[in-house]
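Chemist: Take this sequence and fold it.
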Amino acid sequence: MKIKELIKQDAGFQYIIDSMEFMSAAGRRKALNTEFSTDAESLRTEWQRLAKAVTATLEYKYKKPYIDLRHCLMCLHDLQGTLASLANHTPLNEVELFEIKNLAMLCRTAKGGIDGLGLSDELPLPCLDAVFALLDPDHTGIANFYIYDSYDIRLTPLRRELNALQTAGGDPLRISELLVQQNEIQDAVCLHLSDQLTQWTDTLVTAMEQMAYTDLLLAKADLALRWNLTQPEVGETIEYKNLINPRLKERNEKARLRYQPVDLSLRSGVCLITGANMAGKTVLLKSVGTAQLMAQCGMFVPAEKAVVKLVDGVATSIGDEQDEMNGLSSYASEIIKISNILTECRQREMLVLIDEPARTTNPTEGKALVQAIVKLLEGLSSFTLITTHYDQLGTTCRRLRVRGFVEDMADVPLTPQNINRFIDYSLTEDQSDNVPHEALRIASILGCDEELIALAQKCVTAL
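Modeler: Here you go, the predicted structure:
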């Protein structure tokens with residue numbers, strides 16, 4: 001699956017791609033067509049290439065080679081249509097010939113910048129000097145293209161006469177005849193040049209794609225530096241030290257709210273995550289999913305240290321997935337999604353992220369469904385994280401608990417606006433089969449209606 005499909009399924013990953021600073025449409029197109037990879041060797045190669053680009057960017061970001069290369073990439077046009085015409089032996093017009101000439105010139109300029117950054121081994125570009133020479137017979141050295149007189153000896157006298165007549169307001173009939181002759185000659189030149197360029201089609205395609213990839217690599221390197229991303233390692237487990245959610249972290253920083261990274265270690269099987277409301281369980285699932293997509297699409301990840309187990313895909317059931325267009329309720333949409341996840345996991349090794357399954361149905365059946373989901377996924381080879389508020393599930397799978405609300409964690413009065421300062425988002429191993437019950441306590445501290453709290457507490461006691 002390509003990034004352009006993955007971002008439709010993961011808003012966090014969409015945010016990552018939208019935050020990358022591409023210099024060209026070709027670079028963004030290259031990113032969107034990047035495949036989710038399960039090949040450890042190719043990913044290691046890409047991460048190593050990216051590491052060198054990060055080092056070069058850090059050293060040269062404000063120096064001439066880097067600035068020149070980025071400026072060069074800003075001038076890059078995506079020539080897929082033009083190159084397809086060339087491959088199909090369709091004669092190119094003057095605009096398309098200009099695009100080819102411009103690409104040849106940019107390729108030469110970009111090579112100088114790449115060499116200056118010490119990235120020539122990582123970003124090899126073909127030599128298009130012969131193409132440029134073909135489209136620059138008068139040795140102007142500029143990217144502009146024109147049907148030069150030197151392409152056909154008939155053009156010089158024809159254009160001289162045409163210019164004189166047009167300047168003097170001469171015979172319109174003669175001017176029309178000359179224009180027809182000029183257009184016929186120019187069309188013949190375009191056809192001839194197109195025929196000659198056909199032999200360079202593959203090389204031009206390679207140059208175009210390598211220039212687009214150069215833009216992509218530099219954009220990934222720039223993002224890695226801006227967000228302090230980490231080069232992951234391939235392993236048999238999934239491990240993160242100080243994992244963050246870039247989208248949430250940036251939002252919190254703008255609002256001057258605290259953001260707490262999380263440590264996490266997963267092995268094959270099911271891990272249940274429990275914790276009070278507001279404890280960041282949903283954010284944790286989204287963070288893990290986005291980081292996995294970033295890693296397997298050849299990017300660095302938002303953590304201090306990362307080990308990833310390469311999986312065949314990321315399957316999620318997170319949030320309200322109600323499909324009003326199909327007339328599905330929240331529960332119907334969720335249960336179909338989970339059914340599809342089970343089918344996928346029986347065929348492939350997946351990273352599965354399920355947020356509070358069966359939360360919208362009655363507690364008795366809801367708990368039974370969670371027990372069944374855990375039992376089925378526990379017997380498969382996928383890596384599964386499930387958040388839940390159900391306790392007494394009777395499962396033997398691993399359990400982690402978000403530490404949650406800590407009343408004395410901050411030295412300011414608790415308010416609805418600063419409550420996140422009182423939440424410890426770190427995870428701890430939990431051997432019990434119970435979930436935290438903090439809703440009424442938090443509601444009371446926040447000053448909610450006393451009668452409501454008291455009545456709710458009596459109901460809890462009676463259960």
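Chemist: pull the CA atoms of the helix or strand hosting residue 70 into PDB?
Modeler: Element membership for residue 70 (DSSP states H and E) is helix 64-74. C-alpha atoms of helix 64-74 as PDB (Å, rounded to 0.1, in the frame of the first residue of the first chain):
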ATOM      1  CA  LYS A  64      25.500  27.700  -0.600                       C
ATOM      2  CA  PRO A  65      25.300  24.000  -1.700                       C
ATOM      3  CA  TYR A  66      22.200  23.300   0.300                       C
ATOM      4  CA  ILE A  67      20.500  26.600  -0.600                       C
ATOM      5  CA  ASP A  68      21.300  26.200  -4.300                       C
ATOM      6  CA  LEU A  69      20.000  22.700  -4.300                       C
ATOM      7  CA  ARG A  70      16.700  23.600  -2.700                       C
ATOM      8  CA  HIS A  71      16.300  26.500  -5.100                       C
ATOM      9  CA  CYS A  72      17.000  24.200  -8.000                       C
ATOM     10  CA  LEU A  73      14.300  21.800  -6.800                       C
ATOM     11  CA  MET A  74      11.800  24.700  -6.600                       C
END
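Chemist: pLDDT (mean, whole number) over stretch 452-463?
Modeler: Average pLDDT, stretch 452-463: 73.
Chemist: sorry, that was for stretch 230-242
Modeler: 96.
Chemist: Would you mark the buried spots in the helix or strand hosting residue 179?
Modeler: Assigned by DSSP H and E, residue 179 belongs to helix 172-197. For helix 172-197, burial by neighbour count (16 or more other Cβ atoms under 10 Å) applies to 178, 182, 185-186, 189-190, 193-194, 197. (Each C-beta comes from the backbone N, C-alpha and C, glycine too.)
Chemist: will you turn these into TSV that also has pLDDT and distance to residue 389?
Modeler: TSV is the format used below for the buried residues of helix 172-197 (pLDDT from 0 to 100; distance: Cβ to Cβ, whole Å):
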residue	pLDDT	distance to residue 389
178	92	84
182	93	79
185	95	79
186	95	74
189	95	74
190	95	70
193	96	70
194	95	67
197	96	65
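Chemist: now, the most widely separated pair of the residues you listed?
Modeler: The distance between the two most remote of the buried residues of helix 172-197 (Cβ to Cβ) is 28.2 Å, for 178 and 197.
Chemist: ok, back up a step: ok now the helix or strand following the helix holding residue 70, how far from the chain's centre?
Modeler: Sequence order places helix 80-87 as the next helix or strand after helix 64-74, per DSSP H and E. A distance of 27 Å separates the centroid of the chain from that of helix 80-87, by Cα atoms, centre = their mean, to the nearest Å.
Chemist: What helices and strands are in contact with the helix or strand that helix 80-87 is followed by?
Modeler: Sequence order places helix 94-117 as the next helix or strand after helix 80-87, per DSSP H and E. Applying 3 or more Cβ pairs under 8 Å, 6 or more residues apart in numbering; DSSP states H and E, one finds that helix 94-117 contacts helix 40-60, helix 64-74, helix 80-87, helix 129-134, helix 172-197, helix 201-227.
Chemist: So which elements touch the helix or strand containing residue 270?
Modeler: Secondary structure from DSSP H and E places residue 270 in strand 269-274. Other helices and strands packing on strand 269-274, by 3+ Cβ pairs under 8 Å, 6+ apart, are helix 281-296, helix 363-378, strand 383-387, strand 398-405.
Chemist: average pLDDT across the helix or strand just after the last one?
Modeler: Spelled out, that is strand 398-405. With elements assigned by DSSP H and E, the helix or strand that comes after strand 398-405 is strand 423-429. Mean pLDDT, strand 423-429: 78.
Chemist: Tell me the gap between the lowest-mean-pLDDT helix or strand in the chain and the middle of its chain.
Modeler: Across the helices and strands of the chain, mean confidence by mean pLDDT, DSSP states H and E is lowest for helix 439-445: a mean of 72. Here the centre of helix 439-445 is set off from its chain's centre by 40 Å, with Cα atoms, centre = their mean.
Chemist: List the buried residues of that helix.
Modeler: So for helix 439-445, counting by 16+ other Cβ under 10 Å, buried means 440, 442, 444-445.
Chemist: swap in stretch 78-94?
Modeler: Result for stretch 78-94 [16+ other Cβ under 10 Å]: buried residues 78-79, 82-83, 85-86, 91-92.
Chemist: so which of those comes closest to residue 240?
Modeler: residue 78 (36.0 Å).
Chemist: so how far is residue 201 from the closest one?
Modeler: 16 Å (Cβ to Cβ, to the nearest Å).
Chemist: do residue 454 as well
Modeler: For residue 454, the distance to residue 201 - Cβ to Cβ - is 80 Å.
Chemist: how long is stretch 146-157 from one end to the other?
Modeler: 17 Å (Cα to Cα, to the nearest Å).
Chemist: what about it, distance to the chain center?
Modeler: 49 Å.
Chemist: quick one, the strand holding residue 270 and strand 423-429 angle?
Modeler: 140 degrees (axes from the mean of the first three to the mean of the last three Cα atoms, to 10 degrees).
Chemist: hmm, who's touching strand 269-274?
Modeler: When contacts are defined by Cβ atoms under 8 Å, 6 or more residues apart in numbering, strand 269-274 is touched by residues 281, 284-285, 374, 377-378, 383-389, 391, 393, 395, 397-402, 427, 430, 435-436.
Chemist: Just the buried ones from the residues you listed?
Modeler: For the contacts of strand 269-274, buried by 16+ other Cβ under 10 Å: 281, 284-285, 374, 377-378, 383-389, 393, 395, 398-402, 427, 430, 435-436.
Chemist: can you dump the C-alpha coordinates of stretch 283-291 into PDB?
Modeler: In PDB, the C-alpha atoms belonging to stretch 283-291 read as follows (Å, rounded to 0.1, in the frame of the first residue of the first chain):
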ATOM      1  CA  VAL A 283      -3.600   9.100  21.800                       C
ATOM      2  CA  LEU A 284      -1.200   6.300  22.600                       C
ATOM      3  CA  LEU A 285      -2.800   4.000  20.000                       C
ATOM      4  CA  LYS A 286      -2.700   6.700  17.400                       C
ATOM      5  CA  SER A 287       0.900   7.500  18.200                       C
ATOM      6  CA  VAL A 288       2.000   3.900  17.900                       C
ATOM      7  CA  GLY A 289       0.100   3.500  14.600                       C
ATOM      8  CA  THR A 290       1.600   6.700  13.100                       C
ATOM      9  CA  ALA A 291       5.100   5.800  14.200                       C
END
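Chemist: What lies in contact with that stretch?
Modeler: 10-13, 16, 238, 240, 243-246, 248, 262, 264, 266, 273, 301-303, 306, 308, 314, 316, 318, 351, 353-355, 385, 387, 402, 425, 427.
Chemist: repeat that with 7 Å
Modeler: Counting contacts by Cβ atoms under 7 Å, 6 or more residues apart in numbering, the residues outside stretch 283-291 that touch it are 10, 12-13, 16, 240, 243-245, 248, 262, 264, 273, 301-303, 306, 314, 316, 318, 353, 355, 385, 387.
Chemist: next one: that stretch to chain centre, how far?
Modeler: Worked out by Cα atoms, centre = their mean, stretch 283-291 lies 14 Å from the chain centre.
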